[in-house]
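In: Okay, predicted coordinates and the sequence, questions at the end:
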Amino acid sequence: MLHARCKADVLKTVIEAISTLVDEAKFNVTTDGISIKAVDPAHVAMVEVTLRKSAFEEFKAEGMELGIDMDKFKDVIKLAANDDELDLNYDTENHCLFVKIGNLTRRMSLVDSSGMADPKVPKLDLPGHVTIASGEIEKGIKAAEAVSDHVALIASPQAFELLAEGDTDTVHLKLDKSHLPALDVKENVKSLFSLDYFSNMVRSAKGSQGIHLNIGNDYPVKIDFDIAGGNGHVTYLLAPRIES
Amino acid sequence: MLHARCKADVLKTVIEAISTLVDEAKFNVTTDGISIKAVDPAHVAMVEVTLRKSAFEEFKAEGMELGIDMDKFKDVIKLAANDDELDLNYDTENHCLFVKIGNLTRRMSLVDSSGMADPKVPKLDLPGHVTIASGEIEKGIKAAEAVSDHVALIASPQAFELLAEGDTDTVHLKLDKSHLPALDVKENVKSLFSLDYFSNMVRSAKGSQGIHLNIGNDYPVKIDFDIAGGNGHVTYLLAPRIES
Amino acid sequence: MLHARCKADVLKTVIEAISTLVDEAKFNVTTDGISIKAVDPAHVAMVEVTLRKSAFEEFKAEGMELGIDMDKFKDVIKLAANDDELDLNYDTENHCLFVKIGNLTRRMSLVDSSGMADPKVPKLDLPGHVTIASGEIEKGIKAAEAVSDHVALIASPQAFELLAEGDTDTVHLKLDKSHLPALDVKENVKSLFSLDYFSNMVRSAKGSQGIHLNIGNDYPVKIDFDIAGGNGHVTYLLAPRIES
């Protein structure tokens, strides 16, 4: 059972975060809220989204799973303006979701979620912790995309750096500790990542207060940020690339 | 003879309304204004536009016909901002139209209108009358386009409904009498239409005060609305589809 | 040696003006500023841009040449907002340019400028002088593009005219002396030009106070306008087309 009501932009943010990695996902509904875990088809990245009951205006649910087609759900949510409220109602009999936006009711079929296993989130020991404004890192990513298809994240006790090196051109974003909301790094660390994956993750954080980057040495990066005014959270894990 | 001056957006609305159905149309000019009747090539829909003398700042004309290429006329009008005034002058000798926008004069050739007969507008007895805000129905159409290529218009004494049914998904817009500017329906009526045609017609009513829908049972729909601040009127007829 | 700092939109305007004609250009740096001269591959048009030291917030330079790829430079500058300041630093050792925008540093390789000779600017005696608002002439060009691929510039002591004639349609922009910031023409002159070249030149003047057109009889046109708040200048020469 699910009956929920929330602002459209809450769900927009959730879908944005997941759809950068997968086309379909299993929404785990409990009495406390909704959570989603998914791994991309290439097994390079993982996303975990939690949306607490408090992110909703109304939320009544029993434990259940919803298999959702991301593109279809995105199109449905787009029918609402960001500030519009929408209702989600699960119809047990027909196994479909009713989305109500004002006077409009959209019946949406669900996808079979029986084959979608929840991935196990690995425990990672990441010594570098950086908090950065999303606009700042987006600027670096935009510049990097012109010169390379991978990017190094570098952290030291003094600064955070993003470095993209092409054959002839380079992009270097360097933010000193004084320019960062938070920087907690004991030792110098550096890891290389696919720019494509990394930029999609950062872009889905657009509008969030700040992005936390947890960096190791030739090790996965953990990227996480709050959504829904702190009533939800997105965590990405991204596997490193081997430096050639 | 034709010498007319009007705001650009008056003509923009007229062209928008006609060009959803035909590429070329015959403009019937009289001393009282301009009227256009056209049937689409598939004979599924008809449009009738009247623009009274009062829609113009200046209007001097004798009875005549102008064969107009819609795309070309649209491009010419686009050169003016919505609030710009433009002059239309017919040049009898060269059989062309001079459009003047500020210091710019555009000479536009006309198409041969001798083969364009005025279609006869059928008399229809349509028992359901609904007035609806254009934004409200547009929202329903946008949602419907994701699930089907046809749409049912349903009216009862209590409510107006738009229903689109796909194989697995449906869209249902329901507006109670209290949510509608006007609803005058004696008996339950329902007809099915091509969504493509219907959406184009509704979209050309963007900016109008309200759209009148005249609905029957498995019968054509008549869609009409005012343009040019009430100094003009657009009427569409759209043939129904057979429900399978 | 070059160390310069300026608002991003100053360089955007320069690149816009040059890139309408060439993909790569040689920037001649002196202690007084930067100048660029280039001829398009078809030898139909020439551009000369000068940017005085005063256009920069800071400017320290010795005589040198920089071979610049226009598209790449455009992309780099785009990373900055119009009001952002950016730093240009030439790295002699690696023969590359460092562009600094806030915390972001972009290392940009240069192209070989040894084969790029400065074209000689011909002396032209052009009897017609017109100053026109860029928006006014842009409107004429936009209209002209729908009917022809060439355009005649016509000047008389009383008016400036732009005339484009297609097979059936024509566009005629006529501005009387009273509608022009300046008109100084002794005799009637008329020359025909490629609309493609002419429109690109006029469009790169967007935002300038006024465009000066210097017109002769079946003779090249000289188009020039100020940039960077009067601290820079762009001059185009465009060869005429023979009227058929």
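Out: Here it is on my side, so go on. Residues are numbered from 1 along each chain as shown, chains lettered A, B, ... in the order given.

In: my read is A:Met201 is in a strand, agree?
Out: No: applying DSSP: H, G, I helix; E, B strand; the rest coil, one finds A:Met201 to be helix, outside a strand.

In: okay, it: pLDDT?
Out: Looking at A:Met201, its pLDDT is 97.

In: ok, now how distant is it from chain C?
Out: Look at A:Met201 and chain C: by CB to the nearest CB, to the nearest Å, they are 19 Å apart. Every C-beta, even on glycine, is put in place using the N, C-alpha and C of the backbone.

In: swap in A:Ala152?
Out: Remark: distance between A:Ala152 and chain C (CB to the nearest CB) = 14 Å.

In: Now do the same contact list for whatever residue of chain A ends up closest to chain B.
Out: Proximity of chain A to chain B (CB to the nearest CB) peaks at A:Ser109, 3.6 Å away. Neighbouring residues of A:Ser109 by CB atoms under 8 Å, 6 or more residues apart in numbering or on different chains: A:95-96, B:168-169.

In: Quick one: low-confidence residue ranges for chain A.
Out: When residues are selected by pLDDT under 70, those of chain A lie in A:244.

In: Okay, domains of it per the record?
Out: Following automatic domain parsing, chain A resolves into domains at A:2-109, A:128-238.

In: quick one, phi psi at the residue sitting furthest away from the middle of chain A?
Out: Farthest-out residue of chain A from its mean C-alpha position, per CA atoms, centre = their mean: A:Thr168, at 32.7 Å. Torsion angles at A:Thr168 (phi, psi; degrees, to the nearest 10) stand at phi -120, psi -20.

In: so who does it touch?
Out: A:Thr168 touches C:96, C:109, counting by CB under 8 Å, 6+ apart.

In: ok, so what distance separates it from C:Ile77?
Out: Going from A:Thr168 to C:Ile77 by CB to CB, to the nearest Å gives 18 Å.

In: next one: A:Thr20
Out: 29 Å.

In: same deal with A:Asp87?
Out: The separation that A:Asp87 has from C:Ile77, given CB to CB, amounts to 47 Å.

In: re earlier: go through the contacts of A:Ser109 and name the one nearest chain C.
Out: B:Asp169 (40.9 Å).

In: any idea how far the closest residue to the closest one other than its chain neighbours is from chain C?
Out: The shortest distance from B:Asp169 to any non-neighbouring residue, by CB to CB, 6 or more residues apart in numbering or on different chains, is to B:Val147 (4.3 Å). Distance from B:Val147 to chain C, counting by CB to the nearest CB: 39 Å.

In: Count residues in the vicinity of B:Val147, would you?
Out: By other CB atoms under 10 Å in any protein chain shown, 23 other residues sit near B:Val147.

In: Please apply the same query to A:Val44.
Out: Neighbour count of A:Val44, defined by other CB under 10 Å: 18.

In: wait, doesn't it sit right on A:Arg241?
Out: No: if you go by CB atoms under 8 Å, A:Val44 and A:Arg241 don't touch, sitting 9.1 Å apart.

In: any common contacting residues for the two?
Out: In contact with both A:Val44 and A:Arg241: A:Ser194, using CB under 8 Å, 6+ apart.

In: got the residues of chain A near chain B?
Out: Proximity of chain A to chain B, by CB under 8 Å from any CB of the partner chain, involves residues A:72, A:75-76, A:79, A:96, A:101-109.

In: A:Glu136: which of those is nearest?
Out: Proximity of the residues of chain A next to chain B to A:Glu136 was ranked by CB to CB; the top entry is A:Asp75 with 31.6 Å.

In: And what about the residue lying closest to the closest one once chain neighbours are set aside, helix, strand or coil?
Out: Leaving aside its chain neighbours, A:Asp75 sits nearest to B:Ala146 (5.3 Å; criterion: CB to CB, 6+ apart). Put simply, B:Ala146 is coil when judged by three-state DSSP.

In: which residues touch B:Ala146?
Out: A:72, A:75-76, B:169, B:171.

In: Sort out for me which of those residues are in helices.
Out: A:72, A:75-76 (DSSP state H).

In: quick one: which of those has the most company?
Out: A:Val76 (26 neighbours).

In: if I pick that residue, what's in contact with it?
Out: A:99, A:106, A:108, B:143, B:146.

In: Which single one of those is nearest to chain C?
Out: In terms of CB to the nearest CB, no member of the contacts of A:Val76 lies closer to chain C than B:Ala146, at 34.7 Å.

In: count of neighbours near A:Lys174?
Out: A:Lys174 has 16 neighbours, counted by other CB under 10 Å.

In: Same check on A:Tyr90?
Out: A:Tyr90 is flanked by 19 other residues according to other CB under 10 Å.

In: mind checking the SS state of it?
Out: With three-state DSSP as the basis, A:Tyr90 sits in strand.

In: now the one 3 residues further on
Out: Classification of A:Glu93 using three-state DSSP returns coil.

In: how about it, phi and psi?
Out: Note on A:Glu93: backbone dihedrals following degrees, to the nearest 10 are phi -60, psi -50.
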